[in-house]
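In: compute the structure for the input listed below.
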Amino acid sequence: MTRAKSLPTGVSPKLNLARLRTYPLQTRHSKVKMADFGSPWRRAGTFQAFLKTLPDILAGKTFRAVVAAIVDARRRGRPVILGMGAHPTKVGLNPIVVDLMRKGVITAVAMNGAVIIHDFELAYLGQTSEEVEAEIDSGRFGMAEDTGRILNEAIVQGWQEGLGIGEGVGRYLLKHPKQFPHRRWSLLAAGAELGLPVTVHVAIGTDIIHMHPHANGEAIGGGSLLDFRKLAAVVSKMEGGVYINLGSAVMMPEVFLKTVTLGRNLGRALKQITTVNMDFLPHYRPMTNVVKRPTQKGGKGYALIGHHELMVPLLAAAVLEALDR
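Out: Residues are numbered from 1 along each chain as shown. Reported below is the predicted structural model:
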(Lines give C-alpha, C1' and ligand atoms only; values in the text may rest on other atoms or scores of the structure.)
Protein backbone atom coordinates (compact mmCIF):
# COMPACT_ATOMS: atom_id res chain seq x y z
CA MET A 1 0.00 0.00 0.00
CA THR A 2 1.42 3.36 -1.07
CA ARG A 3 1.26 6.15 1.46
CA ALA A 4 0.27 9.67 0.39
CA LYS A 5 3.12 12.09 0.58
CA SER A 6 2.72 14.64 3.34
CA LEU A 7 3.73 18.27 2.95
CA PRO A 8 6.77 19.49 4.82
CA THR A 9 5.99 21.13 8.13
CA GLY A 10 4.93 24.79 7.72
CA VAL A 11 4.03 24.48 4.01
CA SER A 12 0.34 25.06 3.04
CA PRO A 13 -1.36 23.73 -0.12
CA LYS A 14 -1.97 26.35 -2.79
CA LEU A 15 -4.58 26.73 -5.54
CA ASN A 16 -3.59 27.57 -9.08
CA LEU A 17 -5.84 30.54 -9.86
CA ALA A 18 -4.54 31.11 -13.37
CA ARG A 19 -7.54 29.30 -14.90
CA LEU A 20 -10.19 30.92 -12.67
CA ARG A 21 -13.22 32.05 -14.70
CA THR A 22 -14.70 35.52 -14.16
CA TYR A 23 -17.30 37.60 -16.00
CA PRO A 24 -18.14 41.28 -16.56
CA LEU A 25 -20.03 42.87 -13.65
CA GLN A 26 -22.69 44.32 -15.97
CA THR A 27 -23.78 40.81 -16.99
CA ARG A 28 -24.55 39.80 -13.40
CA HIS A 29 -28.01 40.08 -11.83
CA SER A 30 -27.87 42.50 -8.89
CA LYS A 31 -30.56 42.59 -6.20
CA VAL A 32 -29.90 46.19 -5.21
CA LYS A 33 -30.20 49.04 -7.71
CA MET A 34 -29.86 52.75 -7.13
CA ALA A 35 -33.23 53.23 -8.80
CA ASP A 36 -34.75 51.56 -5.72
CA PHE A 37 -32.91 53.72 -3.18
CA GLY A 38 -34.58 56.08 -0.76
CA SER A 39 -34.21 59.79 -1.15
CA PRO A 40 -33.77 62.62 1.39
CA TRP A 41 -36.88 64.25 2.80
CA ARG A 42 -37.71 67.73 1.50
CA ARG A 43 -39.46 70.22 3.74
CA ALA A 44 -43.12 71.12 3.09
CA GLY A 45 -43.80 67.88 1.24
CA THR A 46 -46.95 65.76 1.46
CA PHE A 47 -47.28 62.41 3.17
CA GLN A 48 -47.56 60.77 -0.24
CA ALA A 49 -44.29 62.43 -1.20
CA PHE A 50 -42.72 61.06 1.98
CA LEU A 51 -43.82 57.53 1.07
CA LYS A 52 -42.08 57.88 -2.27
CA THR A 53 -38.82 58.61 -0.46
CA LEU A 54 -38.80 55.16 1.15
CA PRO A 55 -36.45 52.59 -0.43
CA ASP A 56 -38.25 50.13 -2.68
CA ILE A 57 -36.29 47.34 -1.02
CA LEU A 58 -37.26 44.71 1.59
CA ALA A 59 -39.73 46.25 4.10
CA GLY A 60 -40.17 49.33 1.91
CA LYS A 61 -41.29 47.14 -0.98
CA THR A 62 -43.48 45.02 1.32
CA PHE A 63 -45.13 48.10 2.83
CA ARG A 64 -46.06 49.40 -0.61
CA ALA A 65 -47.40 45.98 -1.63
CA VAL A 66 -49.61 45.77 1.45
CA VAL A 67 -50.97 49.27 0.87
CA ALA A 68 -51.70 48.40 -2.76
CA ALA A 69 -53.47 45.16 -1.79
CA ILE A 70 -55.74 46.92 0.71
CA VAL A 71 -56.54 49.75 -1.70
CA ASP A 72 -57.24 47.34 -4.54
CA ALA A 73 -59.49 45.18 -2.33
CA ARG A 74 -61.62 48.11 -1.19
CA ARG A 75 -61.89 49.64 -4.66
CA ARG A 76 -63.27 46.32 -5.88
CA GLY A 77 -65.59 45.93 -2.91
CA ARG A 78 -63.64 43.06 -1.38
CA PRO A 79 -63.28 42.65 2.41
CA VAL A 80 -60.40 43.79 4.58
CA ILE A 81 -60.49 41.84 7.83
CA LEU A 82 -58.45 42.79 10.90
CA GLY A 83 -57.58 40.08 13.41
CA MET A 84 -55.92 41.46 16.52
CA GLY A 85 -54.55 40.90 19.98
CA ALA A 86 -54.77 43.36 22.85
CA HIS A 87 -51.45 45.15 22.42
CA PRO A 88 -52.62 47.49 19.61
CA THR A 89 -55.42 48.75 21.87
CA LYS A 90 -53.02 49.13 24.79
CA VAL A 91 -50.65 51.30 22.75
CA GLY A 92 -53.37 53.74 21.75
CA LEU A 93 -54.47 52.56 18.31
CA ASN A 94 -58.24 52.29 18.84
CA PRO A 95 -58.89 55.72 17.26
CA ILE A 96 -56.92 54.71 14.15
CA VAL A 97 -58.76 51.40 13.78
CA VAL A 98 -62.20 52.91 14.47
CA ASP A 99 -61.52 55.61 11.87
CA LEU A 100 -60.67 52.92 9.31
CA MET A 101 -63.90 51.13 10.22
CA ARG A 102 -65.96 54.30 9.82
CA LYS A 103 -64.32 55.11 6.48
CA GLY A 104 -65.04 51.68 5.07
CA VAL A 105 -61.45 50.44 4.91
CA ILE A 106 -61.75 47.74 7.60
CA THR A 107 -64.88 45.70 6.98
CA ALA A 108 -64.64 43.23 9.89
CA VAL A 109 -62.67 42.91 13.12
CA ALA A 110 -61.82 39.68 14.97
CA MET A 111 -60.15 39.82 18.37
CA ASN A 112 -59.05 37.65 21.25
CA GLY A 113 -60.69 37.89 24.66
CA ALA A 114 -58.12 40.30 26.09
CA VAL A 115 -59.09 43.02 23.61
CA ILE A 116 -62.63 43.36 24.98
CA ILE A 117 -61.28 43.97 28.48
CA HIS A 118 -59.11 46.92 27.46
CA ASP A 119 -61.73 48.17 25.01
CA PHE A 120 -64.37 48.07 27.77
CA GLU A 121 -62.19 49.79 30.36
CA LEU A 122 -61.28 52.57 27.94
CA ALA A 123 -64.93 53.17 27.04
CA TYR A 124 -65.91 53.01 30.71
CA LEU A 125 -63.12 54.94 32.41
CA GLY A 126 -60.77 56.26 29.73
CA GLN A 127 -57.86 54.20 31.06
CA THR A 128 -56.72 50.57 31.15
CA SER A 129 -53.83 48.10 31.64
CA GLU A 130 -52.93 47.33 35.23
CA GLU A 131 -49.44 46.73 36.60
CA VAL A 132 -49.45 42.94 36.82
CA GLU A 133 -46.15 42.71 38.70
CA ALA A 134 -47.43 45.10 41.38
CA GLU A 135 -50.68 43.18 41.91
CA ILE A 136 -49.92 39.49 41.36
CA ASP A 137 -48.29 38.83 44.75
CA SER A 138 -51.24 40.23 46.70
CA GLY A 139 -53.88 38.41 44.67
CA ARG A 140 -55.35 41.69 43.39
CA PHE A 141 -54.40 41.09 39.76
CA GLY A 142 -57.48 41.03 37.53
CA MET A 143 -59.90 41.63 40.39
CA ALA A 144 -61.40 44.97 39.33
CA GLU A 145 -65.08 44.58 40.21
CA ASP A 146 -66.49 46.77 37.43
CA THR A 147 -64.64 44.97 34.65
CA GLY A 148 -65.53 41.47 35.82
CA ARG A 149 -69.16 42.15 36.72
CA ILE A 150 -70.26 44.39 33.86
CA LEU A 151 -68.46 42.59 31.04
CA ASN A 152 -69.79 39.22 32.15
CA GLU A 153 -73.26 40.74 32.43
CA ALA A 154 -72.99 42.07 28.88
CA ILE A 155 -71.83 38.69 27.56
CA VAL A 156 -74.69 36.86 29.28
CA GLN A 157 -77.29 39.35 28.06
CA GLY A 158 -75.99 39.06 24.52
CA TRP A 159 -76.02 35.27 24.71
CA GLN A 160 -79.62 35.27 25.93
CA GLU A 161 -80.50 37.42 22.89
CA GLY A 162 -78.75 34.98 20.55
CA LEU A 163 -75.71 37.22 20.00
CA GLY A 164 -72.02 36.48 19.92
CA ILE A 165 -69.69 38.20 22.38
CA GLY A 166 -68.59 40.95 20.00
CA GLU A 167 -72.06 42.13 19.04
CA GLY A 168 -73.47 41.53 22.52
CA VAL A 169 -70.88 43.66 24.30
CA GLY A 170 -70.95 46.28 21.54
CA ARG A 171 -74.70 46.70 21.86
CA TYR A 172 -74.41 46.85 25.65
CA LEU A 173 -71.99 49.79 25.37
CA LEU A 174 -74.39 51.63 23.07
CA LYS A 175 -77.38 50.97 25.35
CA HIS A 176 -75.67 52.63 28.31
CA PRO A 177 -74.15 55.85 26.96
CA LYS A 178 -73.78 57.54 30.36
CA GLN A 179 -71.93 54.53 31.73
CA PHE A 180 -69.50 54.58 28.81
CA PRO A 181 -68.61 58.23 28.10
CA HIS A 182 -65.55 57.27 26.01
CA ARG A 183 -67.32 54.73 23.77
CA ARG A 184 -66.56 56.83 20.66
CA TRP A 185 -63.24 55.06 20.29
CA SER A 186 -64.45 51.59 21.30
CA LEU A 187 -63.98 48.90 18.66
CA LEU A 188 -66.95 46.96 20.02
CA ALA A 189 -69.26 49.99 20.08
CA ALA A 190 -68.16 51.05 16.59
CA GLY A 191 -68.88 47.60 15.21
CA ALA A 192 -72.37 47.55 16.74
CA GLU A 193 -73.09 51.08 15.57
CA LEU A 194 -71.88 50.49 12.00
CA GLY A 195 -73.29 46.98 11.68
CA LEU A 196 -69.83 45.55 10.97
CA PRO A 197 -68.92 42.04 12.12
CA VAL A 198 -66.82 42.28 15.30
CA THR A 199 -66.08 38.85 16.69
CA VAL A 200 -64.41 37.66 19.89
CA HIS A 201 -62.48 34.41 20.16
CA VAL A 202 -61.93 33.14 23.68
CA ALA A 203 -59.94 30.42 25.41
CA ILE A 204 -61.51 29.83 28.83
CA GLY A 205 -59.14 30.88 31.60
CA THR A 206 -56.99 33.25 29.55
CA ASP A 207 -58.83 36.46 30.51
CA ILE A 208 -59.26 38.12 33.90
CA ILE A 209 -63.06 38.20 33.65
CA HIS A 210 -63.08 34.38 33.73
CA MET A 211 -61.94 34.57 37.38
CA HIS A 212 -65.01 36.60 38.36
CA PRO A 213 -67.97 34.86 40.07
CA HIS A 214 -70.31 36.28 37.40
CA ALA A 215 -68.45 34.41 34.61
CA ASN A 216 -70.86 32.11 32.77
CA GLY A 217 -69.14 29.34 30.85
CA GLU A 218 -72.19 28.61 28.72
CA ALA A 219 -72.48 32.24 27.61
CA ILE A 220 -68.74 32.71 27.07
CA GLY A 221 -68.29 29.46 25.17
CA GLY A 222 -71.53 29.72 23.25
CA GLY A 223 -70.99 33.36 22.36
CA SER A 224 -67.46 32.67 21.18
CA LEU A 225 -68.66 29.76 19.02
CA LEU A 226 -71.27 32.03 17.40
CA ASP A 227 -68.52 34.54 16.71
CA PHE A 228 -66.25 31.88 15.23
CA ARG A 229 -68.95 30.87 12.78
CA LYS A 230 -69.67 34.50 11.95
CA LEU A 231 -65.99 35.09 11.18
CA ALA A 232 -65.86 31.90 9.13
CA ALA A 233 -68.75 33.23 7.03
CA VAL A 234 -66.87 36.51 6.49
CA VAL A 235 -63.60 34.76 5.57
CA SER A 236 -65.43 32.44 3.16
CA LYS A 237 -66.24 35.52 1.08
CA MET A 238 -62.79 37.13 1.15
CA GLU A 239 -61.64 36.02 -2.32
CA GLY A 240 -59.69 39.05 -3.56
CA GLY A 241 -59.63 40.49 -0.06
CA VAL A 242 -57.08 41.01 2.70
CA TYR A 243 -56.63 39.54 6.18
CA ILE A 244 -54.33 41.38 8.60
CA ASN A 245 -53.09 39.72 11.78
CA LEU A 246 -52.12 42.51 14.17
CA GLY A 247 -50.33 41.61 17.37
CA SER A 248 -51.75 38.13 18.01
CA ALA A 249 -49.10 35.44 18.33
CA VAL A 250 -51.34 32.41 18.92
CA MET A 251 -55.11 32.80 19.15
CA MET A 252 -56.04 34.70 16.00
CA PRO A 253 -53.61 32.88 13.64
CA GLU A 254 -55.10 29.58 14.79
CA VAL A 255 -58.66 30.85 14.41
CA PHE A 256 -57.98 32.31 10.96
CA LEU A 257 -56.49 29.07 9.63
CA LYS A 258 -59.61 27.15 10.73
CA THR A 259 -61.93 29.67 9.07
CA VAL A 260 -59.99 29.33 5.82
CA THR A 261 -60.33 25.54 6.04
CA LEU A 262 -64.07 25.80 6.66
CA GLY A 263 -64.53 28.09 3.68
CA ARG A 264 -62.58 25.85 1.32
CA ASN A 265 -64.30 22.72 2.60
CA LEU A 266 -67.67 24.32 1.80
CA GLY A 267 -66.63 25.10 -1.76
CA ARG A 268 -65.00 28.55 -1.56
CA ALA A 269 -61.67 28.49 -3.39
CA LEU A 270 -60.02 31.37 -1.52
CA LYS A 271 -57.10 31.26 -3.95
CA GLN A 272 -56.49 34.96 -4.51
CA ILE A 273 -56.27 36.30 -0.98
CA THR A 274 -53.68 38.54 0.62
CA THR A 275 -52.56 37.90 4.18
CA VAL A 276 -50.44 40.21 6.31
CA ASN A 277 -48.79 39.71 9.68
CA MET A 278 -47.90 42.88 11.59
CA ASP A 279 -45.97 42.52 14.82
CA PHE A 280 -42.76 43.68 16.46
CA LEU A 281 -41.39 40.10 16.51
CA PRO A 282 -41.71 37.29 13.96
CA HIS A 283 -43.61 34.45 15.68
CA TYR A 284 -44.09 30.91 14.39
CA ARG A 285 -47.88 30.72 14.20
CA PRO A 286 -48.55 34.06 12.48
CA MET A 287 -45.81 33.41 9.93
CA THR A 288 -47.05 29.86 9.33
CA ASN A 289 -50.83 30.05 9.76
CA VAL A 290 -51.38 33.54 8.34
CA VAL A 291 -48.57 34.35 5.90
CA LYS A 292 -47.59 30.94 4.46
CA ARG A 293 -50.19 28.16 4.66
CA PRO A 294 -53.33 30.01 3.50
CA THR A 295 -51.49 31.40 0.45
CA GLN A 296 -49.34 28.41 -0.53
CA LYS A 297 -51.55 27.61 -3.56
CA GLY A 298 -52.34 31.18 -4.54
CA GLY A 299 -52.48 34.70 -3.22
CA LYS A 300 -49.70 36.47 -1.38
CA GLY A 301 -48.53 36.62 2.21
CA TYR A 302 -46.54 39.47 3.72
CA ALA A 303 -44.83 40.21 7.04
CA LEU A 304 -44.30 43.74 8.35
CA ILE A 305 -42.14 43.81 11.45
CA GLY A 306 -42.24 46.94 13.58
CA HIS A 307 -43.83 48.65 16.55
CA HIS A 308 -47.62 48.82 16.25
CA GLU A 309 -47.77 52.42 17.43
CA LEU A 310 -45.64 53.43 14.43
CA MET A 311 -46.59 50.95 11.72
CA VAL A 312 -50.38 51.10 12.00
CA PRO A 313 -50.71 54.91 11.72
CA LEU A 314 -48.29 54.86 8.75
CA LEU A 315 -50.26 52.11 7.03
CA ALA A 316 -53.60 53.81 7.72
CA ALA A 317 -52.39 57.15 6.36
CA ALA A 318 -50.92 55.55 3.24
CA VAL A 319 -54.11 53.62 2.49
CA LEU A 320 -56.43 56.57 3.07
CA GLU A 321 -54.34 58.87 0.87
CA ALA A 322 -54.24 56.30 -1.90
CA LEU A 323 -58.01 55.77 -1.74
CA ASP A 324 -58.59 59.52 -1.94
CA ARG A 325 -56.71 59.81 -5.23
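
In: low pLDDT regions in this protein?
Out: Judged by pLDDT under 70, the chain has its weakly predicted residues at 1-11, 130.

In: spell out the residue ranges of the strands in it.
Out: Secondary structure of the chain by DSSP state E: the strands cover 80-84, 108-112, 198-201, 242-246, 274-279, 300-305.

In: dump the ones you listed to JSON lines, plus mean neighbour count.
Out: C-beta: built from backbone N, CA, C; applies to glycine. Rendered in JSON lines, the data for these read as follows (neighbours: other CB atoms under 10 Å):
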{"stretch": "strand 80-84", "mean neighbour count": "26"}
{"stretch": "strand 108-112", "mean neighbour count": "27"}
{"stretch": "strand 198-201", "mean neighbour count": "28"}
{"stretch": "strand 242-246", "mean neighbour count": "27"}
{"stretch": "strand 274-279", "mean neighbour count": "26"}
{"stretch": "strand 300-305", "mean neighbour count": "18"}
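
In: now these as JSON lines including distance to R325?
Out: Converted to JSON lines, the strands of the chain look like this (distance: least, CB to CB, whole Å):
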{"stretch": "strand 80-84", "distance to R325": "18"}
{"stretch": "strand 108-112", "distance to R325": "25"}
{"stretch": "strand 198-201", "distance to R325": "29"}
{"stretch": "strand 242-246", "distance to R325": "19"}
{"stretch": "strand 274-279", "distance to R325": "20"}
{"stretch": "strand 300-305", "distance to R325": "22"}
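
In: looking at these, which is closest to R28?
Out: With CB to CB as the criterion, R28 lies closest to strand 300-305 of the strands of the chain, at 27.7 Å.

In: for that closest one, which strands pair with it and how are they oriented?
Out: If you go by DSSP bridges, strand 300-305 pairs up with strand 274-279 (parallel).

In: and the angle from the partner strand to strand 80-84?
Out: Taking axes from the mean of the first three to the mean of the last three CA atoms, to 10 degrees, strand 274-279 and strand 80-84 form an angle of 30 degrees between their directions.

In: neighbouring contacts of strand 274-279?
Out: When contacts are defined by CB atoms under 8 Å, 6 or more residues apart in numbering, strand 274-279 is touched by residues 66, 69, 73, 241-247, 249, 253, 286-287, 290-291, 294-295, 299-306, 308, 311-312, 315.

In: run a quick neighbour tally on K230.
Out: Using other CB atoms under 10 Å as the criterion, K230 is surrounded by 20 other residues.

In: any idea how far it is from Q272?
Out: From K230 over to Q272 the distance is 23 Å, taken as CB to CB, to the nearest Å.

In: hmm, M252 is touching H201, no?
Out: Yes: the pair formed by M252 and H201 meets the contact definition of CB atoms under 8 Å, at 6.8 Å.

In: for the residue nearest to K271 when sequence neighbours are not counted, give me its contacts.
Out: On the basis of CB to CB, 6 or more residues apart in numbering, the spatially nearest residue to K271 that is not a chain neighbour turns out to be G298, at 3.5 Å. Contacts for G298 (CB under 8 Å, 6+ apart) come out as K271, Q272, I273.

In: export those to CSV and tack on distance to V132 and neighbour count?
Out: Converted to CSV, these look like this (distance: CB to CB, whole Å; neighbours: other CB atoms under 10 Å):
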residue, distance to V132, neighbour count
K271, 43, 12
Q272, 43, 14
I273, 37, 26
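
In: the closest residue to L226 other than its chain neighbours: neighbouring residues, count only.
Out: Nearest in space to L226, with sequence neighbours left out and distances taken as CB to CB, 6+ apart, is G164 at 3.8 Å. Summarising burial for G164: neighbours were counted as other CB under 10 Å, giving 26.

In: next: T89.
Out: Under the neighbour criterion other CB under 10 Å, T89 is assigned a count of 27.

In: measure it to S248 for me?
Out: T89 is 12 Å from S248, where distance means CB to CB.

In: what does F256 give?
Out: Summarising the geometry, the distance separating F256 from S248, computed by CB to CB, is 9 Å.

In: intersection of neighbour lists for those two?
Out: G83.

In: more crowded one of these two?
Out: In this view F256 and S248 are compared by other CB under 10 Å, and S248 has more residues nearby, 30 against 27.

In: not counting sequence-adjacent ones, nearest residue to D36?
Out: Leaving aside its sequence neighbours, D36 sits nearest to D56 (CB to CB, 6+ apart; 4.2 Å).
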